[in-house]
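Enquirer: Model the structure of this input:
(chains A and B)
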2 protein chains.
Amino acid sequence: MATPELHWLETSAPPPCEQSQNLAAARQQQLTKPTGSLGKLEQLAIKFSAWQRREKPEINQINIRVFAADHGVCAQGISAFPQAVTVQMVENFVRGGAAISVLARQLKADFKVVNVGLAGELIQARGLQDLPIARGTQDLSQGPAMSLEQCARALDIGRQFSGDCDIQLGGEMGIGNTTSASALVSALLKLPAQQTVGPGTGLDAEKMSHKRQVVEQALAVNIEGQESPLQILYKLGGFEIAALVGSYIACAQQGIPALVDGFISSAAALCAVQINPSVDKYLLFSHRSAEPAHHLLLEAMGATPLLDLGMRLGEGSGAAVALPIIQSAVSLHCKMATFAEAGVSS
Amino acid sequence: MATPELHWLETSAPPPCEQSQNLAAARQQQLTKPTGSLGKLEQLAIKFSAWQRREKPEINQINIRVFAADHGVCAQGISAFPQAVTVQMVENFVRGGAAISVLARQLKADFKVVNVGLAGELIQARGLQDLPIARGTQDLSQGPAMSLEQCARALDIGRQFSGDCDIQLGGEMGIGNTTSASALVSALLKLPAQQTVGPGTGLDAEKMSHKRQVVEQALAVNIEGQESPLQILYKLGGFEIAALVGSYIACAQQGIPALVDGFISSAAALCAVQINPSVDKYLLFSHRSAEPAHHLLLEAMGATPLLDLGMRLGEGSGAAVALPIIQSAVSLHCKMATFAEAGVSS
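Expert: Okay, the predicted model is just below:
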């Protein structure tokens, strides 16, 4: 890699603890239920044992980190909403009125909203982590969305806001960021824009066709085909997407699982895994988004998400809705009686 | 119907409130998110508005009712577990070591376990609602599992333990009850045992083939083809299944939604809907069970459950794992800001 600030990305995540995993798998066989009858909940609990290196894991501290930034490509008219909505929604996040704010309160999570590059002026930045790299990215249909140095800063902000928890949920806000995510997925998986572009927040067929042309142009202008995942990220990503990439890598390096949200977050997760393959072992996938290309991303990562509820909001909302399932899995694993304890014939 | 004690089954459930439903649907359009982006969560919240007859519904009181009973058909060797496990697990329920006990605590639910017909002796009945109708049903492969009068009593116990809540979760325990449920589904949907019999708690192929023969015999002995749903229930059901049927009907009659668990609970729900079609509007389906015939039941009721996690434990455990999704849906509906409140461009 070109710049020294990026060396941290390469550090491998620790391998999950096999011994704890085996103890947890044995415990699952002893709990008062037919073997395998808790389905995926059993595997979830066993993963937490391996991550936390103990037979009985706990989920006490939940961190939610929402990164927000604007996208120069909005100039091309690729979103159903005006760019001003990014700032307005960020203010809604910190005031508590957005979906992710409501869910964060319900989960008693530590909830932080990070400005990594909003274009507009905030009326009220109280409660916001205010670290803008620029006033939005450049228009990726005309050239690179950001410089490598800016990308390094966004990745590092993601790292700064990661850790000190039992599970981290990432989210994003940025009008135009499904365009950026589709371009990223096209370049990372070598797929045509036809397959990766969808309606986002609600485009009709005509506007979606225009969005596809914009992504095709972005790929033509920026991508020759030999780019590294990091180069693809700085050319086609967004500040909030790069921050998510940094957060997934940093969480994994600290042995902390990250619960991935929908399409944009999964694009960031794919990028993180392509930069540092050891990250893969610390990712959980929360839901299958209604954004059509999400299934390609999930397939590419061999991921089966927990939920399929037709959600497509972003913000980390799908991850927050899925989290109680994980809490139930861990709680059942730790608190159910064994056959011996309960005097039940096995 | 033959006996006066059964007339209550026919009372229609009140139609959900259309006006509240329309207000709720309009509110969903105003919340700070792209239209439709919360997917099925939006429809769930709107349903609660219609049920609770107000724009902003609440889920405060959650009732979990687990009905337990034994099955005479266990004499035919159709389960992977000995019959004694029913009593042992009931004791595990009330002591807090079973899956549903752990989940009920986590949900802060009102949790009641009801003995409607255990065969064995309880060492400790403290904390148990002890209303046994008989020491297990008769062997349904030899004749009717119960009398119509016993069935009426089980239905009435289900009714007694229903209501006074915002949502009710039903569960069941009874070694051998997938055999009874498969027979019920075969008779109610006119399907051969081949399609309705599965591995239950964990039968191998050979024992499953034997179980299928037992169900075929039960159908041959009991069913001529002109039976009413209630006749099918008393001939092929179990006390705990009939209690669940009664609870689904009684909840709907009180305008209270019931969250249906897996295969056995869904068989009871189908029976409830065939007895009283108005019950259908008050049922929510929590998960797709790993028991193969569950999908036939769900299809027959036009139901798409919230979760598909490969669970097959019963006890109400799938319903309890799904409940937080419903809580999130209602919470988002009531607590998110509208575009106007948040000053966000819509």
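
Enquirer: right, is stretch A:125-140 up against chain B?
Expert: No - applying CB under 8 Å from any CB of the partner chain, one finds stretch A:125-140 separated from chain B by no less than 14.4 Å. C-beta coordinates here come from the backbone N, C-alpha and C atoms, glycine included.

Enquirer: so where's chain A uncertain?
Expert: A:1-4 (pLDDT under 70).

Enquirer: what about the helices in it?
Expert: Under the criterion DSSP state H, chain A carries helices at the ranges A:18-30, A:40-52, A:84-95, A:99-107, A:148-160, A:177-189, A:193-196, A:205-222, A:229-236, A:239-253, A:263-275, A:294-300, A:317-335, A:339-342.

Enquirer: Let me know which of those is tucked in deepest.
Expert: Burial of the helices of chain A is given as mean neighbour count (mean count of other CB atoms under 10 Å in any protein chain shown); helix A:239-253 ranks first at a mean of 30.

Enquirer: In terms of secondary structure, what does that helix contact?
Expert: The contact analysis (3 or more CB pairs under 8 Å, 6 or more residues apart in numbering or on different chains; DSSP states H and E) places helix A:239-253 against strand A:62-69, strand A:110-117, helix A:148-160, strand A:167-173, helix A:177-189, helix A:229-236, strand A:258-260, helix A:263-275.

Enquirer: is chain B contacted by stretch A:57-73?
Expert: No - Stretch A:57-73 stays out of contact with chain B when judged by CB under 8 Å from any CB, the minimum separation being 11.5 Å.

Enquirer: returning to what we had before: present the helices of chain A as CSV; the columns should include distance to residue B:273.
Expert: Shown next, in CSV, are these (distance: least, CB to CB, whole Å):
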stretch, distance to residue B:273
helix A:18-30, 36
helix A:40-52, 29
helix A:84-95, 42
helix A:99-107, 32
helix A:148-160, 50
helix A:177-189, 41
helix A:193-196, 42
helix A:205-222, 40
helix A:229-236, 52
helix A:239-253, 45
helix A:263-275, 37
helix A:294-300, 34
helix A:317-335, 28
helix A:339-342, 35
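
Enquirer: Looking at those helices, spot the one closest to residue B:192.
Expert: Of all the helices of chain A, helix A:40-52 sits nearest to residue B:192, with 30.8 Å by CB to CB.

Enquirer: can you list contacts of that closest one?
Expert: Helix A:40-52 is contacted by residues A:16-18, A:20-21, A:23-25, A:28, A:36, A:55-59, A:166, A:255-257, A:282, A:284, A:306, A:325-326, A:328-330, A:332-334, B:309-311, B:321 when judged by CB atoms under 8 Å, 6 or more residues apart in numbering or on different chains.

Enquirer: what about the helices and strands packed on helix A:239-253, which gets the closest to residue A:292?
Expert: Closest approach to residue A:292 among the helices and strands packed on helix A:239-253 (CB to CB): helix A:263-275, 8.9 Å.

Enquirer: Return the angle between stretch directions for the closest one and helix A:317-335.
Expert: 70 degrees (axes from the mean of the first three to the mean of the last three CA atoms, to 10 degrees).

Enquirer: so what does helix A:263-275 touch, helix or strand wise?
Expert: Helix A:263-275 sits against strand A:167-173, helix A:177-189, helix A:229-236, helix A:239-253, strand A:258-260, strand A:283-285, helix A:294-300, with contacts defined as 3+ CB pairs under 8 Å, 6+ apart.

Enquirer: Residues of the stretch 51-200 of chain A that sit close to chain B?
Expert: For the stretch 51-200 of chain A, the residues in contact with chain B (CB under 8 Å from any CB) are A:80-82, A:84-85, A:88-89, A:91-92, A:95-99, A:102-103, A:105-106.

Enquirer: Tell me which of the helices and strands packed on helix A:263-275 sits nearest to residue A:119.
Expert: Proximity to residue A:119 (CB to CB) singles out helix A:239-253 among those, at 10.7 Å.

Enquirer: I'd like to check the angle between the closest one and helix A:148-160, please.
Expert: Orientation check (the same axes, to 10 degrees): helix A:239-253 against helix A:148-160 gives 50 degrees.

Enquirer: C-alpha coordinates for helix A:239-253, PDB please?
Expert: Taking C-alpha atoms only, helix A:239-253 is exported to PDB below (Å, rounded to 0.1, in the frame of the first residue of the first chain):
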ATOM      1  CA  PHE A 239     -16.700   8.900   3.200                       C
ATOM      2  CA  GLU A 240     -19.400   7.100   5.200                       C
ATOM      3  CA  ILE A 241     -18.800   3.900   3.300                       C
ATOM      4  CA  ALA A 242     -15.000   4.000   3.800                       C
ATOM      5  CA  ALA A 243     -15.700   4.700   7.500                       C
ATOM      6  CA  LEU A 244     -17.800   1.600   7.700                       C
ATOM      7  CA  VAL A 245     -15.000  -0.400   5.900                       C
ATOM      8  CA  GLY A 246     -12.600   0.900   8.600                       C
ATOM      9  CA  SER A 247     -15.000  -0.100  11.400                       C
ATOM     10  CA  TYR A 248     -15.500  -3.600  10.100                       C
ATOM     11  CA  ILE A 249     -11.700  -4.100   9.900                       C
ATOM     12  CA  ALA A 250     -11.000  -2.600  13.300                       C
ATOM     13  CA  CYS A 251     -13.800  -4.500  15.000                       C
ATOM     14  CA  ALA A 252     -12.500  -7.800  13.600                       C
ATOM     15  CA  GLN A 253      -8.900  -6.900  14.600                       C
END
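
Enquirer: Report the angle between it and helix A:229-236.
Expert: For helix A:239-253 against helix A:229-236, the angle between stretch directions is 160 degrees (the same axes, to 10 degrees).

Enquirer: Report the inter-axis angle for helix A:239-253 versus strand A:167-173.
Expert: Relative orientation of helix A:239-253 versus strand A:167-173 (the same axes, to 10 degrees): 170 degrees.

Enquirer: OK, contacts around the residue positioned nearest the centre of chain A?
Expert: Residue closest to the average C-alpha location in chain A (CA atoms, centre = their mean): residue A:265, at 3.3 Å. With contact taken as CB under 8 Å, 6+ apart, residue A:265 is in contact with A:170, A:171, A:172, A:244, A:314, A:316, A:319.

Enquirer: What sits closest to the fourth one if chain neighbours are left out?
Expert: Once flanking residues are discounted, residue A:244 sits nearest to residue A:268: 3.7 Å by CB to CB, 6 or more residues apart in numbering or on different chains.

Enquirer: Please verify my assumption that the one you found contacts residue A:241.
Expert: Yes - with contacts counted by CB atoms under 8 Å, residue A:268 reaches residue A:241, the gap being 5.0 Å.
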